[in-house]
Structure formats: structure tokens, C-alpha cells
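Asker: A predicted structure for the sequence below; I have some questions about it.
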Amino acid sequence: MTEASKNFVADLPRLTHPDGTPIRALVVDDEPNLADLVSMGLRMAGWEVAVAGDGRSAVARAREFRPDVLVLDVMLPEFDGVEVLTKIRSFDPDVPALFLTAKDSVEDRLTGLAAGGDDYVTKPFSMQEVLLRLHRLVQRSGAASADSAELVVGDLVLNLDTREVTRGGDEIQLTATQFDLLRFLMENPRRVVSKSQILDRVWDYDFGGQANIVELYISYLRKKIDAGRAPMIHTVRGAGYVLKPAT
């Protein structure tokens, strides 16, 4: 795992069950190296991980392990990931599933989602993206509680409950949209996010292609977050923006 991935895992809010026990993930892939990579990232995040290499053993392992989330390769020996999900959902109907596949056509994605998959990532993929997507699936499922209602990147702290933001202990006043934009950046620390991703997440639609609204709000945030301090919000030319601890 790369140093960037390790830093990303360290910045994710820690998730556990309400009783404090670890979140459980079942990783199903017939490529041992890939399964090991995903498993390593999840274990670093404090999760308990089980692994299966084919469809039949995946279903049997799910009965015993009772995972909180599934990571399923679509192409598997015995039977494919879609059939694995159908069989597991017969006894665990609410478990969320993320499909991993080399197939990247719209039809393949729709097949996975129509079969009940909750998310879909194509190979080759970013380990950070997989971890973040799984994190969100577990949070949405209600299986987990975060150790803290706070997002923390360097000396920047955002409280999700009180909507308070501080940097170096100094309170920062933000509008509702500025708060949502900062929250999205802090949920993706050290990860470049594009203008289109920001528009989709913060404004919920494509804004008619007016990506300059993102530039405007990034400027607002910089004036409040970075003014008089070492910068945390950086522009990656041609790609988007990244928030990371000041150096």
C-alpha cells in the first residue's frame, strides 16, 4: 500500500458497531493480490476482514461471518458476484455491497446495480476511493457509529453535530454552502476532487456547466481557512482541488 493510501486511512473517521466491536467486511475476489490489498486497507482502518476466492465459499463464509459490507468481484469461479449477492441477500437482505470489476461499460454497471449492488468501482481502481466508498456504505447502512462527530485534518476541525469549524483553535464562521464544501474536502483528505464532483456533491446537480461557482466558493474558503496561515487548500491544475495538512 502506498504512503498516500496509509495517510488517507489514518484520516478517515474510525467506525465501529455501537457496542465498540469492529466493522466486518467480506472481500470476495479470485485475485489473491487484489484481495490482500483491499483487506490490508480495511484492517488498517480497524475493520475485521474475511476473504473468499470463489462464489461458493463466499456464500458459506457470509453465513458464518455475518459481514456488515460485501466487496464483490463480478467475475468469480463457481458463480459470479451477482449470483453471490443474490444468495447472500436471501439470508442477509440488508447487507450493502460494492462491486469490483474490470468491466467498465454502462451496461455492466447497470447490471450490477440492478442486481442490488449499492456501489460499483472498476479496475484498476484507487485504493482510497474503495475505502471511502465502503466507509460511506457502512455509515448509510446504520451498522456503525463514528468514534467522533468531528472531521480532523491537521489543525482544522469540523464538528458535524454543532457545525462549528476551527483551525488552530480559532473559530471560523462559514455559510451553509461553505460548510458543505469544506466538509466534502475534509471527507476526502489528500485526495484530488474535480469541479464536477464538487458540483454533484455540494450543489446536487450540474449547475449548467458553470464550474466557476466552484472556483468562487473555493476562494471564499481560502480567505477563511488559509488567510494568514500555511495553506491547506491547493489547486491541482487541470484536475481539481485537494485539502491536506499544512506543511
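Answerer: That came through fine. Numbers count the residues shown, from 1 in each chain.

Asker: Of all residues in the protein, which one is nearest the centre?
Answerer: residue 132 (1.4 Å; Cα atoms, centre = their mean).

Asker: Correct me if wrong: that one contacts residue 41.
Answerer: No: if you go by Cβ atoms under 8 Å, residue 132 and residue 41 don't touch, sitting 10.5 Å apart. (Glycine included, C-beta is placed from N, CA and C.)

Asker: So residue 247 versus residue 186, what's the distance?
Answerer: From residue 247 over to residue 186 the distance is 17 Å, taken as Cβ to Cβ, to the nearest Å.

Asker: Can you name the element that comes right after the helix or strand of the chain with the lowest mean pLDDT?
Answerer: Ranking every helix and strand in the chain by mean pLDDT, DSSP states H and E puts strand 145-146 at the bottom, with a mean of 57. Following strand 145-146 in sequence order, the next helix or strand is strand 150-153 (DSSP states H and E).

Asker: Spell out the residue ranges of the helices in the chain.
Answerer: For the chain, the helices defined by DSSP state H cover 3-11, 32-44, 55-65, 81-89, 106-114, 127-141, 176-187, 195-198, 212-225.

Asker: Any chance of JSON lines for those helices, columns distance to residue 155 and mean pLDDT?
Answerer: Formatted as JSON lines, the entries for these read as follows, by distance: least, Cβ to Cβ, whole Å; pLDDT from 0 to 100:
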{"stretch": "helix 3-11", "distance to residue 155": "13", "mean pLDDT": "67"}
{"stretch": "helix 32-44", "distance to residue 155": "23", "mean pLDDT": "92"}
{"stretch": "helix 55-65", "distance to residue 155": "39", "mean pLDDT": "95"}
{"stretch": "helix 81-89", "distance to residue 155": "43", "mean pLDDT": "92"}
{"stretch": "helix 106-114", "distance to residue 155": "40", "mean pLDDT": "65"}
{"stretch": "helix 127-141", "distance to residue 155": "22", "mean pLDDT": "84"}
{"stretch": "helix 176-187", "distance to residue 155": "12", "mean pLDDT": "91"}
{"stretch": "helix 195-198", "distance to residue 155": "23", "mean pLDDT": "88"}
{"stretch": "helix 212-225", "distance to residue 155": "11", "mean pLDDT": "93"}
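
Asker: More neighbours: residue 247 and residue 186, which one.
Answerer: A direct count of neighbours by other Cβ atoms under 10 Å for residue 247 and residue 186 places residue 186 higher, at 20 against 7.
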